[in-house]
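Enquirer: coords please:
(one chain, ligands or ions: 1)
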Amino acid sequence: MKLLHLDSSVLGPHSVSRQVSAAIVERLKKANPRLDVTYRDLTATPLAHLSGSHLAAGQGATPDASLQDDIAAGQAVLEEFLAADIVVLGAPMYNFTIPSQLKAWIDRILVAGKTFKYSAAGVEGLAGNKRVIVAISRGGFYGAGTPFAVGEHLETYLRWVFGFIGVKHPEFISADGIQVGPEHREKAVASALETASTLDAA
Ligand SMILES: Cc1cc2nc3c(=O)[nH]c(=O)nc-3n(C[C@H](O)[C@H](O)[C@H](O)COP(=O)(O)O)c2cc1C
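Expert: Next comes the predicted model:
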């Protein structure tokens, strides 16, 4: 069984989402020591933003030499994603949504004919055979009914993206209120780590 572990925080060892995503992977590895884990740090080796030349290359045009490595990297991340049975993703909230490095990755995996297709019945997700677990961390609170709920474009966005490609029940473990103060941060991290350590590993 293959697990793909991705991180997208720019905060390195100070990152909350990295800590929680690592704990999720640890939990799953403990339950299944034969898990084949691939790790990708989307900020250490970022993918370029999509350009017209990328899209043209996708339609069969010969890419500029300068773009060839990046196109190969995009194909590699798509193949890596398609091969995974489980995806664990660390996703911090930056300016109300995902980091741009994570968006660059999503731009390479939402590919018609690979992870979704259009048919007479509408859109069909082709990646529904995966378990997706997302560790999110947010500086504030965005719960339903709170004044900031309308500004939540991290979890809502990722739910939509994974749902679009067929993942029916993406799982989320969140650490919220990280910027409220050190005490609150400690509690939120401890609670997320506890949830990770008791995650269903079947
Ligand atoms: C550039 C930047 C932008 C941020 N924007 C928001 C935001 O819009 N809303 C929020 O609640 N917290 C925001 N935060 C706080 C982070 O969501 C919080 O620190 C979280 O722990 C980041 O995850 P990480 O520790 O894994 O990087 C921001 C932090 C940074 C560094």
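Enquirer: quick one: the helices in the chain?
Expert: Listed in chain order, the helices of the chain (DSSP state H) span 16-31, 52-58, 65-83, 100-109, 155-164, 182-197.
Enquirer: comparing those, which gets the lowest mean pLDDT score?
Expert: Of all these, mean pLDDT reaches its minimum on helix 52-58 (a mean of 89).
Enquirer: if we can go back for a sec, adding distance to Tyr142 and mean neighbour count, write the helices of the chain out as a markdown table.
Expert: Backbone N, C-alpha and C define where each C-beta goes, glycine included. Converted to a markdown table, the helices of the chain look like this (distance: least, CB to CB, whole Å; neighbours: other CB atoms under 10 Å):
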| stretch | distance to Tyr142 | mean neighbour count |
| --- | --- | --- |
| helix 16-31 | 15 | 21 |
| helix 52-58 | 32 | 14 |
| helix 65-83 | 27 | 15 |
| helix 100-109 | 18 | 20 |
| helix 155-164 | 8 | 17 |
| helix 182-197 | 13 | 15 |
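Enquirer: so which of the ones you listed is nearest Gly122?
Expert: Nearest of the helices of the chain to Gly122, taken as CB to CB: helix 155-164 at 11.0 Å.
Enquirer: hang on, the earlier thing: can I get the helices of the chain in a markdown table with distance to Ser119?
Expert: Compiled in a markdown table, the helices of the chain are given as follows (distance: least, CB to CB, whole Å):
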| stretch | distance to Ser119 |
| --- | --- |
| helix 16-31 | 34 |
| helix 52-58 | 20 |
| helix 65-83 | 19 |
| helix 100-109 | 20 |
| helix 155-164 | 14 |
| helix 182-197 | 37 |
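Enquirer: let's have these in TSV, adding distance to the ligand.
Expert: Formatted as TSV, the helices of the chain follow (distance: least, CB to the nearest ligand atom, whole Å):
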stretch	distance to the ligand
helix 16-31	3
helix 52-58	26
helix 65-83	20
helix 100-109	10
helix 155-164	11
helix 182-197	8
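Enquirer: list the contacts of the residue nearest to Asp176 when sequence neighbours are not counted.
Expert: Nearest residue to Asp176, sequence neighbours excluded (CB to CB, 6 or more residues apart in numbering): Arg138, at 5.0 Å. Contact partners of Arg138, counting by CB atoms under 8 Å, 6 or more residues apart in numbering, are 92-93, 154, 174-178.
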